[in-house]
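> Quick one: sequence plus predicted model below, questions after.
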Amino acid sequence: MPGSKLFADQVFLHPVMGQVSLLARKSKVWLYRLRAPVEVIDRVAPVKLDVPLGGFATAAAVGERWMRFAIEGNPDPSWTPYTRAKPSWLAFDRAGKVSNEDLSWFEKEKFELVFAGHEKSEGEEFLGESNE
């Protein structure tokens with residue numbers, strides 16, 4: 001859906017990244033992202049009962065790290081904490097696999113609007129018209 005990435009970035013990603021950047025000045029911060037889609041949301045039906053829940057491997061992987069953080073103060077020795085000099089997060093996929101992902105692109109691109117595969121004017125319903 002055109003504009004959905006922009007909406008998600010404005011409502012969720014930008015505020016979170018701002019908070020994380022401030023917290024990382026004086027504390028260790030472990031940032032993560034769940035890459036599993038939410039499959040139970042349907043535009044027509046409020047509840048979809050025939051969708052398999054799945055995601056148990058991801059829940060176990062996240063829960064294990066939360067527990068380790070609570071007990072040891074470090075969720076995973078291989079999880080690179082977020083720093084302003086080297087921003088990163090740990091990405092969890094649906095199968096519970098994890099990978100450290102570099103976020104150095106975020107500051108550079110956070111104000112660039114990219115609608116790959118869409119017309120240049122798409123997104124104006126959120127931003128107004130552009131002269132670019």
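Now that the structure is in, tell me what you want to look at.

> The protein: strands as residue ranges?
Per DSSP state E, the chain carries strands over the ranges 32-34, 88-92, 98-102.

> With mean pLDDT as new columns, can these be given to me in a markdown table?
Shown next, in a markdown table, are the strands of the chain (pLDDT from 0 to 100):
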| stretch | mean pLDDT |
| --- | --- |
| strand 32-34 | 90 |
| strand 88-92 | 94 |
| strand 98-102 | 94 |
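
> Buried deepest among these, which one?
strand 88-92 (a mean of 20; mean count of other Cβ atoms under 10 Å). Just so you know, the C-beta spots here come from the backbone N, C-alpha and C atoms, and that holds for glycine as well.

> Direction included, what does that strand pair up with?
strand 32-34 (parallel), strand 98-102 (antiparallel) (DSSP bridges).

> Select, out of these, the one closest to Ile71.
Each of those has some distance to Ile71 by Cβ to Cβ; the shortest is strand 32-34, at 17.8 Å.

> Adding distance to Trp66, write the strands paired with strand 88-92 out as TSV.
Shown next, in TSV, are the strands paired with strand 88-92 (distance: least, Cβ to Cβ, whole Å):
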stretch	distance to Trp66
strand 32-34	10
strand 98-102	13
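
> what comes into contact with the longest helix anywhere in the chain?
The residue-count maximum for a helix in the chain (DSSP state H) belongs to helix 56-72. Helix 56-72 has contacts (Cβ atoms under 8 Å, 6 or more residues apart in numbering) with 30, 32, 34, 36, 74-76, 79, 90, 92-98.

> Now do the helices in the chain.
Under DSSP H, the chain gives helices at 4-8, 14-23, 56-72, 105-109, 124-127.

> JSON lines for those, including mean pLDDT and mean neighbour count?
Shown next, in JSON lines, are those (pLDDT from 0 to 100; neighbours: other Cβ atoms under 10 Å):
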{"stretch": "helix 4-8", "mean pLDDT": "66", "mean neighbour count": "13"}
{"stretch": "helix 14-23", "mean pLDDT": "89", "mean neighbour count": "14"}
{"stretch": "helix 56-72", "mean pLDDT": "93", "mean neighbour count": "14"}
{"stretch": "helix 105-109", "mean pLDDT": "71", "mean neighbour count": "11"}
{"stretch": "helix 124-127", "mean pLDDT": "48", "mean neighbour count": "12"}
